[in-house]
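Enquirer: quick one, what's the 3D model for this:
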Amino acid sequence: MNEKNARFPQQGYRLGVLGGGQLGKMLGIAAADWHLPICFLDRSAGFPAGGVSPCFTEGSFAEYDDVLAFGRQMDTVTIEIEHVNVNALMELERQGIRVHPRPQALAIIKDKGLQKQFYTDHQFPTAPFVLYESEDHIRRAVRSGELGLPFVQKTRTAGYDGKGVQRIGSEEELEHLLPGPSLVERQVNIAKELAVIAARNPSGEVAAFPMVEMEFNPRANLVEFLLCPARVSRELAQEAEALAKRLIKTFDICGLLAVEFFLSEEGELLVNEVAPRPHNSGHHTIDSCATSQFQQHLRAVLDLPLGSTELQQPAVMVNILGAPEHTGPPRYEGIENCLHLPGVHLHLYGKEVTKPFRKMGHVTVTAAKAEDAIQLAREVRSRLRVIAD
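Expert: This next block holds a predicted model:
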């Protein structure tokens, strides 16, 4: 099937997704509007995407042979998580399978050290950083005076949902450094954490969703509260959207690219990191934008026209996190009280086990005024709880 004939998938067209978590589930729901079946590869069909797709292959997206065998059956392969076997994706591409995002770009993004060097090489603003081979090298750099405190350590690979990132503020905390190769950034005095999701298709169309503002859970280091539109100047929002569009073109990625920014107290906009897939910072688009990020990703990887990214109503997204010290089959408390509130849109992921701070779902609150959405979202956050049954 050539690229032109694939612009709208015909009967028998197979789109494969590496990963079967909640992002896969929401991709599957978006695809159902077009009666477009999606196949997933992940360890268990009991994962969230298994509930929306009869085409689920059990295997590991990190294993070369599993990815190769799965991908050979597809017309196009995409991802819902970065930690996939890139070598297998490169081989699939050599065999004529369309792969989005481009495996060469994914290899850079998977390694935070290479990712940061990419920003420097292509003149994207980012916090100064140094790469270290091990935690012992970091300790020696501090004791020699080469590296000052405080700083943020990020493991170069395998970080996800707040894992692999920590702040070191004293010499005593050096004993708790994360093992393995890392990058170390000077601590930025952060005024706001922001994000923009850009989309690009093989025909060269590029679009960006309106900027969002994020608040992070201080214990879990993952997004707990998100507001769109962000409370920033129009000029700053336009600057961030332009950077996100330039990044997705510079990486030569088709699909989505979520770009997270720091806004420093000095007013400097810095690229923190990116994710080449649907992202937590775009969940609100399902209920508040003309096109959701999930449908936009499908449009982009299938080389269909990109949809409008217009924000139709202010929105606040609240992640539903597993309660601390609770592990086991989930029980949701307060759902009825939340659904009684106007503009509340509930999305549960169907995970079989809750764990402390695990993402179990999200709620988007829409309202005519941002202030009203914020107030309602705070009520939702106070009423809704996930505990082990």
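Enquirer: for whatever helix or strand residue 199 lives in, which positions count as buried?
Expert: Secondary structure assigned from DSSP states H and E places residue 199 in strand 190-200. Residues 190, 192-200 are the ones in strand 190-200 that count as buried (16 or more other Cβ atoms under 10 Å). Backbone N, C-alpha and C define where each C-beta goes, glycine included.
Enquirer: and the next helix or strand past that strand?
Expert: strand 206-208.
Enquirer: following that following strand, which helix or strand shows up next?
Expert: Next along from strand 206-208, by DSSP H and E: strand 212-216.
Enquirer: now do the following helix or strand past that next one: which elements does it pack against?
Expert: Proceeding N to C from strand 212-216, the next assigned helix or strand is strand 223-228, under DSSP H and E. Secondary-structure packing of strand 223-228 (3 or more Cβ pairs under 8 Å, 6 or more residues apart in numbering; DSSP states H and E): strand 212-216, strand 315-321, helix 370-383.
Enquirer: which helices and strands does the longest one pack with?
Expert: Yep, that's helix 370-383 we're talking about. strand 223-228, strand 315-321, helix 335-339, strand 359-366.
Enquirer: between the last one and helix 370-383, how many degrees?
Expert: In other words, strand 359-366. Interaxial angle, strand 359-366 versus helix 370-383 (axes from the mean of the first three to the mean of the last three Cα atoms, to 10 degrees): 150 degrees.
Enquirer: for strand 359-366, packing partners?
Expert: Right, strand 359-366 is packed against helix 285-288, strand 315-321, strand 344-348, helix 370-383 by 3+ Cβ pairs under 8 Å, 6+ apart.
Enquirer: next SSE downstream of the helix or strand of the chain with the lowest mean pLDDT?
Expert: Across the helices and strands of the chain, mean pLDDT, DSSP states H and E gives its lowest value to strand 223-228, namely a mean of 88. Using DSSP H and E, the helix or strand that follows strand 223-228 towards the C-terminus is helix 234-250.
Enquirer: buried stuff in that following helix?
Expert: Result for helix 234-250 [16+ other Cβ under 10 Å]: buried residues 236-237, 239-241, 243-248, 250.
Enquirer: and the angle for that helix with strand 190-200?
Expert: Going by the same axes, to 10 degrees, helix 234-250 makes 50 degrees with strand 190-200.
Enquirer: C-terminal to helix 234-250, what's the next element?
Expert: Following helix 234-250 toward the C-terminus (DSSP H and E): strand 255-264.
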